[in-house]
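Trainee: With the input below, show me the fold.
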Amino acid sequence: MIVKNKKYMFIALSAGALIMMFVCGMLVQKYNVLAKLSNALSGSALDYAKDVDQELIDAFGIPAQIYEEKSHYIYSTQPERSQLAGSKFKDYRYYWHYKEVADYLTSDDVKQKSKRIHDDFWLTQADTLTEYVEAMEEKKQFLKETIGIKDLPENGKVLSDVNIYKDGVCTVNEVRMQSRIKSISVPLYIAKPIDPNVKGVVIALHGFSGSPEKVLGLEARDYTRQFGKELVKNGYVVFAPYVLNSGDKNTNISCLGMLYSQHTFYSIDLQKLLSVVDYIKADAELKKLPLTVYGISYGGMLSVLFGSIDNRIDIVISSGALQSAHAFLEQYYRLEKNITRPFHVIFNNAYQIYFNYSDFARLIYPRPLIIEYGAFDENPGSAAEWKNMENIYKQFDMIDKLKLVWFKGYHETAPVITIPVLNDLVNNLSRKY
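Mentor: Purely as a prediction, here's the structure:
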């Protein structure tokens, strides 16, 4: 509309200005209300004038009063809180920066540098088997340091020993013994065959969600397939200790260890296992027998770790653990995923750089090593790791000491075919190294 009269033009402009002022006022009031509502939803006003603990005043003096006596304290804001918590992380405004950091941490350049460090560490010149074994002692000590294992006095003192089962095949005792860390005990079962013709001793290790009761068939069967019970039936004395089997809580143990003692949940369990061997080697009859460690899943990982650091172990059987550590971790620790397996991280990054699964074979060699793996395992076995192991055992013609039990199965043991392989190794065992 064209306003020709100046008087009407002035009235129109004045009215427009009043309307704009009213709208602006309403908007300000609206957003003040929203702000107050947001603050209210964030919690009631806090008392900024309340007394400060005298102990704090004595330590730091009187604090300055800079905020109103009653004021809202807002800890979390949008979008930082909501966007980071779930699958919408890719929509977060600073996702690009997280990705920038993650891409660097897993870049080809960084991986190559890590590989060079790893390869240089394992580079060994040895003309004889004896020289090789001696060269590995330094590596074993470094492994112990990276996972927090200290050299402690031998122990294995029995705190309690109660028979809980007996039949025509075996006896089972529930035992608690003192570990090398005297404040920590070792809960375990010891199963002995009635037949006096004992072939050897086996330390049988369950994994996460497993237990020694299931290993020995004292409870319903699980993925361990009661391999400890089968070993007893085949003439072996079986020690079935409890190892830390709650994954999330194992993370807590490593975090607590990081605070003061440098322990990890691995080192706690390994100190317990070292104590079990202390007990076995102090027994006049048991110490004469071949000693095997046999574990599934986390127990399979403990088996190769244990065999790597304790030369008293004659034979190692590792089930369900033939994986590349780096490939395994990258699978679960991708940037976009919520971390579900933090317990696999040892709180010393040197461990991840220097030790992959096949590297434990270097430390176990030339002692016999059996790798047991199901073809349908949810975490497929690594052909590259197996190839590395073969190359290690081909040194000085020891390939007959490395065995693969490969079967149609899932994440589980296969004692029906593994035990005959063990029997053969026990019958031909020779410790000249």
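
Trainee: Report the residue spans of the stretch 201-350 of the chain with pLDDT below the cut-off.
Mentor: 340, 344, 346-349 (pLDDT under 70).

Trainee: ranges for the helices of it?
Mentor: 212-215, 227-233, 247-260, 265-282, 298-309, 325-332, 349-354 (DSSP state H, counting those that start in this stretch).

Trainee: Summarise which helices and strands the first one is packed against.
Mentor: In this structure, helix 212-215 makes packing contacts with strand 185-193, strand 200-205, helix 227-233, strand 236-241, judged by 3 or more CB pairs under 8 Å, 6 or more residues apart in numbering; DSSP states H and E. Any C-beta I mention is one placed from the backbone N, CA and C, and that applies to glycine too.

Trainee: could you redo the last one with a cut-off of 10 Å?
Mentor: If you count contacts as 3 or more CB pairs under 10 Å, 6 or more residues apart in numbering; DSSP states H and E, helix 212-215 packs onto strand 170-178, strand 185-193, strand 200-205, helix 227-233, strand 236-241, strand 291-296.

Trainee: Adding distance to residue 78 and mean neighbour count, write the ones you listed out as TSV.
Mentor: TSV is the format used below for these (distance: least, CB to CB, whole Å; neighbours: other CB atoms under 10 Å):
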stretch	distance to residue 78	mean neighbour count
strand 170-178	53	19
strand 185-193	49	22
strand 200-205	48	28
helix 227-233	53	25
strand 236-241	50	27
strand 291-296	46	28
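
Trainee: Tell me which of the ones you listed lies nearest to residue 54.
Mentor: strand 185-193 (43.5 Å; CB to CB).

Trainee: from the middle of its chain, how far away would that closest one be?
Mentor: On the basis of CA atoms, centre = their mean, to the nearest Å, strand 185-193 sits 24 Å off its chain's mean C-alpha point.

Trainee: Now do that strand, average pLDDT.
Mentor: Averaged across strand 185-193, pLDDT comes to 98.

Trainee: Note down every partner strand of it and its orientation.
Mentor: Using DSSP bridges, strand 185-193 pairs in its sheet with strand 170-178 (antiparallel), strand 236-241 (antiparallel).

Trainee: which stretch among these comes nearest residue 106?
Mentor: Distance to residue 106, taken as CB to CB, is lowest for strand 236-241 among those, at 36.7 Å.

Trainee: Relative to residue 91, how far out is the nearest residue to residue 87 once chain neighbours are set aside?
Mentor: In this structure, residue 87 finds its nearest non-sequential neighbour in residue 336, 8.0 Å apart by CB to CB, 6 or more residues apart in numbering. Distance, residue 336 to residue 91, using CB to CB, to the nearest Å: 11 Å.

Trainee: what does residue 99 give?
Mentor: Applying CB to CB, the value for residue 99 to residue 91 is 13 Å.

Trainee: Helices of the stretch 1-150 of the chain, start to end?
Mentor: Going by DSSP H, counting those that start in this stretch, the stretch 1-150 of the chain shows helices at 6-41, 54-60, 80-84, 95-105, 108-122, 129-146.

Trainee: hmm, who's touching the third one?
Mentor: Surrounding helix 80-84, the residues in contact under the criterion CB atoms under 10 Å, 6 or more residues apart in numbering are 75-76, 88-95, 98.

Trainee: got the CA positions of it in CSV?
Mentor: Provided in CSV are the C-alpha atoms of helix 80-84 (Å, rounded to 0.1, in the frame of the first residue of the first chain):
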residue,chain,number,x,y,z
GLU,A,80,28.1,-32.7,23.7
ARG,A,81,26.3,-35.0,26.1
SER,A,82,23.7,-36.6,23.9
GLN,A,83,25.6,-36.9,20.7
LEU,A,84,28.6,-38.7,22.2
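
Trainee: Distance from the chain centre to that helix, please.
Mentor: Distance, centroid of helix 80-84 to centroid of chain: 27 Å (CA atoms, centre = their mean).

Trainee: Could I get the average pLDDT for that helix?
Mentor: 73.

Trainee: follow-up on the earlier one: reformat the helices and strands packed on helix 212-215 as a markdown table; add distance to residue 140.
Mentor: Shown next, in a markdown table, are the helices and strands packed on helix 212-215 (distance: least, CB to CB, whole Å):
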| stretch | distance to residue 140 |
| --- | --- |
| strand 170-178 | 25 |
| strand 185-193 | 22 |
| strand 200-205 | 19 |
| helix 227-233 | 27 |
| strand 236-241 | 22 |
| strand 291-296 | 15 |
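
Trainee: quick one, which of the ones you listed is nearest to residue 110?
Mentor: strand 291-296 (32.3 Å).

Trainee: What pairs with the closest one, parallel or antiparallel?
Mentor: By DSSP bridges, strand 291-296 pairs with strand 200-205 (parallel), strand 315-319 (parallel).

Trainee: what distance separates the last one from the centre of its chain?
Mentor: With CA atoms, centre = their mean as the basis, the distance from the averaged C-alpha position of strand 315-319 to the chain average is 19 Å.

Trainee: what angle do that strand and helix 298-309 make?
Mentor: 150 degrees (axes from the mean of the first three to the mean of the last three CA atoms, to 10 degrees).

Trainee: In CSV, could you pull the C-alpha coordinates for strand 315-319?
Mentor: Taking Å, rounded to 0.1, in the frame of the first residue of the first chain, the C-alpha atoms of strand 315-319 are listed here in CSV:
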residue,chain,number,x,y,z
ILE,A,315,53.8,-78.6,27.3
VAL,A,316,51.4,-75.8,26.4
ILE,A,317,47.9,-76.2,25.0
SER,A,318,46.1,-73.0,23.9
SER,A,319,42.5,-73.3,22.7
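
Trainee: what comes up buried for it?
Mentor: 315-319 (16 or more other CB atoms under 10 Å).

Trainee: Mind pulling up the pLDDT for residue 169?
Mentor: pLDDT, residue 169: 94.

Trainee: do residue 98 as well
Mentor: Looking at residue 98, the pLDDT reads 88.

Trainee: The nearest residue to it once chain neighbours are set aside: neighbouring residues, count only.
Mentor: Closest residue in space to residue 98, ignoring its immediate chain neighbours: residue 335 at 6.2 Å, by CB to CB, 6+ apart. Residues lying near residue 335 (other CB atoms under 10 Å) number 14.

Trainee: ok so, going back, tell me which two in the buried residues of strand 315-319 are the farthest apart.
Mentor: Pairwise distances across the buried residues of strand 315-319 (CB to CB) peak at 13.4 Å, for the pair 315 and 319.

Trainee: How about residue 204, nearest residue that isn't a chain neighbour?
Mentor: That would be residue 228: by CB to CB, 6+ apart, it lies 4.0 Å from residue 204.

Trainee: Identify the residues contacting that neighbour.
Mentor: Listed by CB under 10 Å, 6+ apart, the contact set of residue 228 reads 172, 189, 191, 202-206, 212-218, 236, 238-240, 294, 413, 415.
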